[in-house]
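1. build me a model:
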Amino acid sequence: MTSPGDDHVDHETDDALRVLGKVFGYDSFRGEQREIIEHVVGGGDALVLMPTGGGKSLCYQIPALVRPGVGVVVSPLIALMQDQVDALRAAGVRAGFLNSTQDLDERRLVEAEFAAGELDLLYLAPERLRVESTLQLLQRGTISLFAIDEAHCVAQWGHDFRPDYLQLSTLHERWPDVPRIALTATATRATHAEIATRLNLTGARHFVASFDRPNIQYRIAPKNEPKRQLLELIRGEHPGDAGIVYCLSRASVEKTAAFLVENGIDAVPYHAGLDARTRAENQARFLREDGLVVVATIAFGMGIDKPDVRFVAHLDLPKSVEGYYQETGRAGRDGLPSTAWLAYGLQDVVQQRKMIDGSEGDAEHRRRLAAHLDAMLALCETVECRRVRLLAYFGQESTACGNCDTCLSPPKSWDGTIAAQKLLSTVVRLKRERNQKFGAGQIIDILLGRKTAKVIQFDHDALSVFGIGTELNESQWRGVVRQLLAQGLLAVEGDYGTLVLTDTSADVLGGRREVLLRSEPERPARAAKSGGAAKRAPVADLPEEALPVFERLRAWRAATAKEQGVPAYVIFHDATLRQIAAAPPATLAELGGVSGVGENKLAKYGEALLAALANPEP
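-> As a prediction, this is how the structure comes out:
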């Protein structure tokens, strides 16, 4: 026997399922979506940790459509609000936004729509909530819920702190009966707890989904001409694909983008040093065009909705695992196979250590930065499955994935104790006998017995350690230095990156500590593409005969998107076009049964899509 309360829940579930199918074109919820949506529709507060591509936005969009009133979404992604709203409107949702990019008339129109109850969702930048007129506007309407997106921005020690987010705890004080849902794609247990405290959500129900993204292949390669390595990655595995390349400095962004363009890759730069118009144009191109590569600093990318980013590459070491996870998570939001590739070398470790030593803030601040870096180095140097290590950082258990570089080509570890002792002894001899400190290059030259001009100048060929390390080559010695730095057995000091001992170095020198080091396996060379320009990689799980149909649908979608001035994914996702290409529908009714084709999109694009299917020639 069911209680009246059960009937109410069933009714809410029916409403949510109806919206899911009618508006968004899906016939079932994924993971914990249903439970989260039921909880918020019922008026409960929620804190949701769910990976990028896991369907977070539906967790607040559907309750906003089911509950009476307007859903207010607080988001820091000002440059992307227009595209988010366009995507919702394409699905038949009455959405609007208020931020600093609008003129007075545009803002007044949206405000009038809100006050008249003519919106389902209103997106706001967090700084708007500091303006009293915005709060007064919200008082004039009926609010169905508050959604706080990218909630990790509230965490002081997260990777993207925004001071404006600290004000959001006041929402509950002003609107105590309106449910709140805070969402983020990445948070350690400490960040999770900080979000709950700062947003006054300790009493909310917490939903923590698995952070695993099984469609992403994680790979970390030793640096060896990184721009050339990047070019090989794009040409060999992702020709014609959209991708994001992250670099640490603005200069590196500019040089890398120019290098790719010179080598026939359609690429644009993005960093804070570019003028606002250029940044906006390059971001708009990336969102609206197929196959464009953006080379960027971390100023680019948070909340990027583009679902068909096939690769994310890092040419410099990220500062934290949270940042790395968030940035790589922009690949493969559609669930299709994608690559997260990082080139990592000794200089990255030296540079990051120097940046921490020179950073503003107290000793505690530097200690936290160092802890972030140590975790990132551990991920780079692990001989275990990358995914197991990555998920463990976020407090989640997993088993070897079979789809990362350490699973596909397991690295070996070797006893590097003697090598470590030789290197540390060289640092000791320089300090004790000459009162000198040098960087890795000079120390390696001494170990290899190289009589360079600098070695001769300082009479280093007379040291007892000169030439004692010829069993390893230069690349291997750089790996030893890198891993000793990663393990805290060696440190970097000063502007010139000189190497010095740490408190734990003595244990190695005294034979009281064994040093295990990672040796990189030889990677088999990838088969070269046959003559001419590289071809687009085959689409996963799509029969050969369906490929021309898929490409024809992509061309139709690109033309339609350009005509309407919206990103291509606003029309249909690749995953939807893939289903259509694999089993082409002949009628509107059949097309309406495809996942991702809601009622509004069927009415708006159905006839044109069927015409594109029926006419092979443009």
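2. could you list the low-confidence segments of the chain?
-> Confidence mapping of the chain against pLDDT under 70 gives the ranges 1-13, 156-160, 299, 301-303, 520-541, 616-618.
3. confirm residue 549 sits in a strand?
-> No - with DSSP: H, G, I helix; E, B strand; the rest coil as the criterion, residue 549 is helix rather than part of a strand.
4. for it, which non-adjacent residue is spatially closest?
-> In space, not counting the residues next to it along the chain, residue 549 is nearest to residue 581; the distance is 4.1 Å by CB to CB, 6 or more residues apart in numbering. No exception for glycine: its C-beta is placed from N, CA and C like everyone else's.
5. correct me, but the one you found touches residue 546?
-> Yes - with the criterion set as CB atoms under 8 Å, residue 581 and residue 546 qualify as a contacting pair; they are 4.4 Å apart.
6. which of these two has more residues huddled nearby?
-> residue 581 (23 against 18; other CB atoms under 10 Å).
7. and the next element down the chain from whichever strand or helix holds that one?
-> Assigned by DSSP states H and E, residue 581 belongs to helix 574-582. Using DSSP H and E, the helix or strand that follows helix 574-582 towards the C-terminus is helix 588-591.
8. next, the buried residues of that following helix.
-> Along helix 588-591, these residues count as buried under the neighbour rule (16 or more other CB atoms under 10 Å): residue 591.
9. what's the first helix or strand after that helix?
-> Following helix 588-591 toward the C-terminus (DSSP H and E): helix 599-614.
10. now the angle between helix 574-582 and that following helix, please.
-> Helix 599-614 and helix 574-582 are oriented at 40 degrees to each other (axes from the mean of the first three to the mean of the last three CA atoms, to 10 degrees).
11. now do helix 599-614: which elements does it pack against?
-> helix 4-24, helix 78-90, helix 547-564, helix 588-591 (3 or more CB pairs under 8 Å, 6 or more residues apart in numbering; DSSP states H and E).
12. output that helix as CSV, nothing but the C-alphas.
-> Presented in CSV, the C-alpha positions along helix 599-614 are these (Å, rounded to 0.1, in the frame of the first residue of the first chain):
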residue,chain,number,x,y,z
GLU,A,599,9.9,18.0,-29.3
ASN,A,600,11.1,21.5,-30.0
LYS,A,601,14.2,20.4,-31.9
LEU,A,602,12.1,17.9,-33.9
ALA,A,603,9.7,20.7,-34.9
LYS,A,604,12.6,23.1,-35.6
TYR,A,605,15.1,20.9,-37.5
GLY,A,606,13.3,17.6,-38.3
GLU,A,607,12.3,18.3,-41.9
ALA,A,608,15.7,19.9,-42.8
LEU,A,609,17.6,17.0,-41.3
LEU,A,610,15.5,14.4,-43.1
ALA,A,611,16.1,16.3,-46.3
ALA,A,612,19.9,16.3,-45.7
LEU,A,613,19.7,12.5,-45.2
ALA,A,614,17.7,12.1,-48.4
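13. in it, what's buried?
-> If you call a residue buried by 16+ other CB under 10 Å, then helix 599-614 has these buried ones: 599-602, 604-606, 609-610, 612-613.
14. can you say which of the helices and strands packed on helix 599-614 is nearest to residue 491?
-> Relative to residue 491, the nearest member of these by CB to CB is helix 78-90, separated by 39.9 Å.
15. quick check: angle from the closest one to helix 547-564?
-> With the same axes, to 10 degrees defining the directions, helix 78-90 sits at 110 degrees from helix 547-564.
16. show me what helix 78-90 is packed against.
-> Using 3+ CB pairs under 8 Å, 6+ apart as the contact criterion, the secondary-structure elements in contact with helix 78-90 are strand 95-98, strand 121-124, helix 276-288, helix 568-571, helix 599-614.
17. swap the cut-off to 10 Å and go again
-> Contact here means 3 or more CB pairs under 10 Å, 6 or more residues apart in numbering; DSSP states H and E; on that basis helix 78-90 packs against strand 95-98, strand 121-124, helix 276-288, helix 547-564, helix 568-571, helix 599-614.
18. looking at those, which is nearest to residue 460?
-> Closest approach to residue 460 among the helices and strands packed on helix 78-90 is made by helix 276-288 (48.7 Å; CB to CB).
19. just the C-alphas of that closest one, formatted as PDB.
-> C-alpha atoms of helix 276-288 as PDB (Å, rounded to 0.1, in the frame of the first residue of the first chain):
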ATOM      1  CA  ALA A 276      38.700  41.300 -24.900                       C
ATOM      2  CA  ARG A 277      37.500  41.400 -28.500                       C
ATOM      3  CA  THR A 278      40.100  38.900 -29.700                       C
ATOM      4  CA  ARG A 279      39.500  36.600 -26.800                       C
ATOM      5  CA  ALA A 280      35.700  36.700 -27.400                       C
ATOM      6  CA  GLU A 281      36.200  36.000 -31.200                       C
ATOM      7  CA  ASN A 282      38.600  33.100 -30.600                       C
ATOM      8  CA  GLN A 283      36.300  31.500 -28.000                       C
ATOM      9  CA  ALA A 284      33.300  32.000 -30.200                       C
ATOM     10  CA  ARG A 285      35.100  30.400 -33.100                       C
ATOM     11  CA  PHE A 286      36.100  27.400 -31.000                       C
ATOM     12  CA  LEU A 287      32.500  26.900 -29.800                       C
ATOM     13  CA  ARG A 288      30.900  27.400 -33.200                       C
END
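20. now the element after that helix, going C-ward?
-> strand 293-296.
21. need the next SSE after that following strand, C-terminal direction.
-> Downstream of strand 293-296, the first helix or strand assigned by DSSP H and E is strand 309-314.
22. in the next helix or strand after that following strand, what counts as buried?
-> Beyond strand 309-314 in the direction of the C-terminus, DSSP H and E gives the next helix or strand as helix 321-328. The neighbour-count criterion (16+ other CB under 10 Å) identifies 321-328 as the buried residues of helix 321-328.
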